[in-house]
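>>> here is a sequence together with a model predicted from it:
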Amino acid sequence: MARTLLALGLSILACAVVAAAAPSNPGGRSSSGRGGSATAPAQRPAAGAGVRFGIEKAPPKQPGAIRVATYNTLNLFDDHDDPALRGAMEDIVMKITPDRAAALAAAIRALDADILALQEVESEQALRWFRDGWLKDMGYDHIASRDVGNPRGIENSVLSRFPIRGVRTYVDMNLDAQRRDGEGWSPRPADAPAPGRLRFARSPLVVDVEVPRPEGEPYRLTLFSIHHKAGRDFNHQREAEALGTVAIARELMKSDPARNIILLGDFNAAPWDKSLRTYLEAGFVDAMSHRTTERSNPESRRYRTHESERVLDYVLLNSAAFREKIPGSAFVLGTLHPGDQYDYRTDTPPKGYASDHYPVAIDLIPVDVK
């Protein structure tokens, strides 16, 4: 009997130890807010700079395919001093270094996108300066970049090898006009703008692109270059921006049900956030819905789009565009991670560092599938 009681006591003690070591929120969200699961393996030693997330080499395109991608460039500012930006918004201190411009260009060259949505670009002038200085032979003859209402001056932009036929923004759109049906919405913060005054932090840039074809009409594609409000305290704002963007897309599809639409960019949201799910509920398809964010699964590293180990950047397609997507073509292209000891607030980025985000891309066959 004594041996039985001793064995029972040891068993209970072992269970208690295991329970104490187990994660408190095994449902797949990190208590740090960084995305992925809390069931991470034991903490690893600090790692240095290197390619950590995404894949190291972009796959080749299939014959006849085009590549559409998004890339947050982390303050692509030129050396021109904009007199309208002063004080806390001073632009000249944000100018990109030659090394980082070269690293950005190297990533874009490796990506080899035919249409590339960009975020955090200072201006069309800055984008032309960058293209002409570092991407001159890439065939990006068509550019769109517009003021999207951000006080820091950053714009959403597009580089394209194909003609851009239309460009528009929605800076003055009243986001409070959109209904929040159902449950799960974030409450309106006390410091939010007065009702009726909520606007995009950065309006989507909407462009119409025509892809020439050897025969027949060109393939037409409408892209939204998106950069939603950042910050963990702005869920209500991001949800409003998602609802507004969906409303814009629906109007376009109402007038042309066969219109191919791709929403892509930095959504500043995890896959499970209400703002991202708003798009899915509206019928848009996440090109990388097959991803895993389980940190204990080494495959999850392929899908992280930010150096903080989060998934923030997406390519979403309406049903018309999704029919032309090549299955299995979506990928995240890894670039240099600055290392665990790097502090973006105080440290100079290591040589070869391009951005805190990584490009996300898909391939399409530019032929309308009925």
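Cool, got the structure.
>>> correct me, but residue 175 touches residue 197?
No - at 9.2 Å, residue 175 and residue 197 do not qualify as touching, with contact defined as C-beta atoms under 8 Å. Quick note: C-beta positions are derived from backbone N, CA and C, even for glycine.
>>> more neighbours: those two, which one.
residue 175 (21 against 10; other C-beta atoms under 10 Å).
>>> list the contacts of the more buried one.
With contact set as C-beta atoms under 8 Å, 6 or more residues apart in numbering, residue 175 has these partners: 198-200, 240-241, 243-244.
>>> farthest pair in these?
199 and 243 (12.8 Å; C-beta to C-beta).
>>> separation between residue 52 and residue 70?
Counting by C-beta to C-beta, to the nearest Å, the gap from residue 52 to residue 70 is 20 Å.
>>> what do you get for residue 121?
Applying C-beta to C-beta, the value for residue 121 to residue 70 is 12 Å.
>>> now do residue 133
22 Å.
>>> same drill for those two, tell me which one is more crowded.
The neighbour count for residue 133 versus residue 70, taken as other C-beta under 10 Å, is higher for residue 70 (30 against 13).
>>> surely that one and residue 313 touch.
Yes - in this structure, residue 70 is within contact of residue 313 by C-beta under 8 Å, at 5.9 Å.
>>> what residues are shared contacts of the two?
When contacts are counted by C-beta under 8 Å, 6+ apart, residue 70 and residue 313 have 264-266, 360 as shared neighbours.
>>> and of the residues you listed, the nearest to residue 61?
residue 360 (15.4 Å).
>>> next, the contact list for that closest one, please.
By C-beta under 8 Å, 6+ apart, the contact set of residue 360 is 69-71, 264, 287-288, 305, 313-315, 330-333.
>>> beta partners of it?
Following DSSP bridges, residue 360 is listed with bridge partners residue 70, residue 332.
>>> mind listing the strands for the stretch 51-200 of the chain?
In the stretch 51-200 of the chain, the strands defined using DSSP state E, counting those that start in this stretch lie at 66-76, 115-121, 142-147, 155-160, 164-168.
>>> among those, which is nearest residue 96?
Nearest of the strands of the stretch 51-200 of the chain to residue 96, taken as C-beta to C-beta: strand 66-76 at 5.9 Å.
>>> quick one, that closest one and strand 115-121 angle?
Inter-element angle recorded for strand 66-76 and strand 115-121: 10 degrees (by axes from the mean of the first three to the mean of the last three C-alpha atoms, to 10 degrees).
>>> got the angle for strand 66-76 vs strand 155-160?
For strand 66-76 against strand 155-160, the angle by the same axes, to 10 degrees is 140 degrees.
>>> any low-confidence regions in this protein?
Low-confidence segments of the chain (pLDDT under 70): 1-46, 81-93.
>>> let's see it at 90
Applying pLDDT under 90 to the chain flags residues 1-47, 79-94, 152-153, 214-216, 370.
>>> quick test: name the residue nearest the centre of it.
residue 313 (1.9 Å; C-alpha atoms, centre = their mean).
>>> distance check, that residue against residue 274.
Residue 313 is 18 Å from residue 274, by C-beta to C-beta.
>>> now swap in residue 197 and tell me
For residue 197, the distance to residue 274 - C-beta to C-beta - is 22 Å.
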